[in-house]
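In: would you be able to build a 3D model of this:
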Amino acid sequence: MSPYMMLMLLSTLIMGTLITLSSSHWLLAWLGLEINTFTIIPLMAQNSHPRALEATLKYFIVQTTAAIMLMFSSTLNAWLSGQWDIQHMAHPLPLTVMTLALALKMGLAPLHAWFPEILQGLDFKVGLILSTWQKLAPLTLFIQISYEYFTLYFILSLASILVGGWGGLNQTQLRKILAYSSIAHLGWVILIAHYYPPLAFLAFLIYAVMTFTLFFSFSYMCSTSMNALATSWAKTPFLTSLIPLVLFSLGGLPPFTGFISKWAILNELTKQSLTLMAASAALSALLSLFFYLRLSYAITLTMSPNNLPATLPWRLPFLLPPLFLTTSLIASFSLLPLSPSILALFLL
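Out: Predicted coordinates:
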């Protein structure tokens, strides 16, 4: 793809998200979401592989369905209450349809089945955009709508944490594992979103930094499955030794960066007298931790039976800029002391 075309698509993608973030009217928010959808489709389809084209078509159908549900619920709310404002949705029927529409856009369980299949057909760079940036605008809308019927939000969040951990247990494809990891982490964000929105954005930011590191690391090592990770020691020994630390951070183990978001969310849920909810989320997170440890085992403690000349792709030139990957690696497991300051920044 031409660099000018790529710049235009990325600029439009950012503009669509900013339109949604800055709008208080449902039509403008819907417009920003549609700009996002139609901008990322050329990025997904730039690879002419049939699997990528299939993923693009599936993504278009799913996002169009969610957009229709969003438009229907906002129109129904305007008909019932005379309000188009995002924060003035109190009727149970449009509120339920809107919640399900946003859950479908973000890939929350039980409306998650499309996300791992689509991510499997994309390359790592477009998959990173789909896993992080594309979820920012629906997440902002999700936080702004009414929290009167909180049972549905708890069901979506706990189901996402459980399904995200359970679904990744029997996967060997790295992109599907990252997809289920995204579902589980988004469940944590939704769980605290209406009680403490700054903490939800902090958890999403930490997840985005760690996911950026993993996507670019696997892309650099040209690894798409767990079997391919067995030769990673010969490709990049130093990067291979650091990726398990990122995986531990993604699993929420102290003293890494990912621990602060899970600990703060559990602490806030306990303060809100939701001890059972916090315990259920913490126990469900052990499922995700298991396949993170399995990935770490595949990277560091297994070795391919190939001979040495067949496992020396490090001779190839390094085409990715190492600055961003190095910065994200350091941030993925060493931001824990700065997390209170970052949270205070979100409170301003």
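
In: next, the buried residues of stretch 115-124.
Out: Across stretch 115-124, burial judged by 16 or more other CB atoms under 10 Å covers 115, 116, 118, 119, 120, 121, 122, 123, 124. No exception for glycine: its C-beta is placed from N, CA and C like everyone else's.

In: tell me the pLDDT at the fourth one?
Out: On pLDDT, residue 119 comes in at 94.

In: so where do the helices sit in the stretch 1-150 of the chain?
Out: Counting by DSSP state H, counting those that start in this stretch, the stretch 1-150 of the chain has helices at residues 3-21, 26-45, 50-81, 92-106, 114-120, 124-131, 136-144, 150-167.

In: turn the ones you listed into JSON lines, columns for distance to residue 258.
Out: As requested, the helices of the stretch 1-150 of the chain are exported to JSON lines (distance: least, CB to CB, whole Å):
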{"stretch": "helix 3-21", "distance to residue 258": "24"}
{"stretch": "helix 26-45", "distance to residue 258": "27"}
{"stretch": "helix 50-81", "distance to residue 258": "28"}
{"stretch": "helix 92-106", "distance to residue 258": "20"}
{"stretch": "helix 114-120", "distance to residue 258": "20"}
{"stretch": "helix 124-131", "distance to residue 258": "15"}
{"stretch": "helix 136-144", "distance to residue 258": "18"}
{"stretch": "helix 150-167", "distance to residue 258": "14"}
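
In: residue 199 is nearest to which of these?
Out: helix 136-144 (11.1 Å; CB to CB).

In: residues in contact with that closest one?
Out: Contact with helix 136-144 is made by 16-17, 20-21, 29, 32-33, 36, 86-87, 99, 102-103, 105-106, 186, 189-190, 193-194, 197, 200, 204, as judged by CB atoms under 8 Å, 6 or more residues apart in numbering.

In: any idea how far that helix is from the chain center?
Out: In terms of CA atoms, centre = their mean, to the nearest Å, the centre of helix 136-144 is set 13 Å apart from its chain centre.

In: what is the mean pLDDT for that helix?
Out: 91.

In: how big is the angle separating that helix from helix 50-81?
Out: Put simply, helix 136-144 runs at 30 degrees to helix 50-81, going by axes from the mean of the first three to the mean of the last three CA atoms, to 10 degrees.

In: which regions of the stretch 1-150 of the chain lie under the pLDDT threshold?
Out: Applying pLDDT under 70 to the stretch 1-150 of the chain flags residues 146-149.

In: check which helix or strand covers the nearest residue to residue 119 once chain neighbours are set aside.
Out: Spatial nearest neighbour of residue 119, chain neighbours left out: residue 179 (4.3 Å); criterion: CB to CB, 6 or more residues apart in numbering. Residue 179 is part of helix 174-193, with elements assigned from DSSP states H and E.

In: show me what that helix is packed up against.
Out: With contacts taken as 3 or more CB pairs under 8 Å, 6 or more residues apart in numbering; DSSP states H and E, helix 174-193 sits against helix 114-120, helix 124-131, helix 136-144, helix 150-167, helix 197-221, helix 258-271, helix 275-300.

In: fine by me, thanks again.
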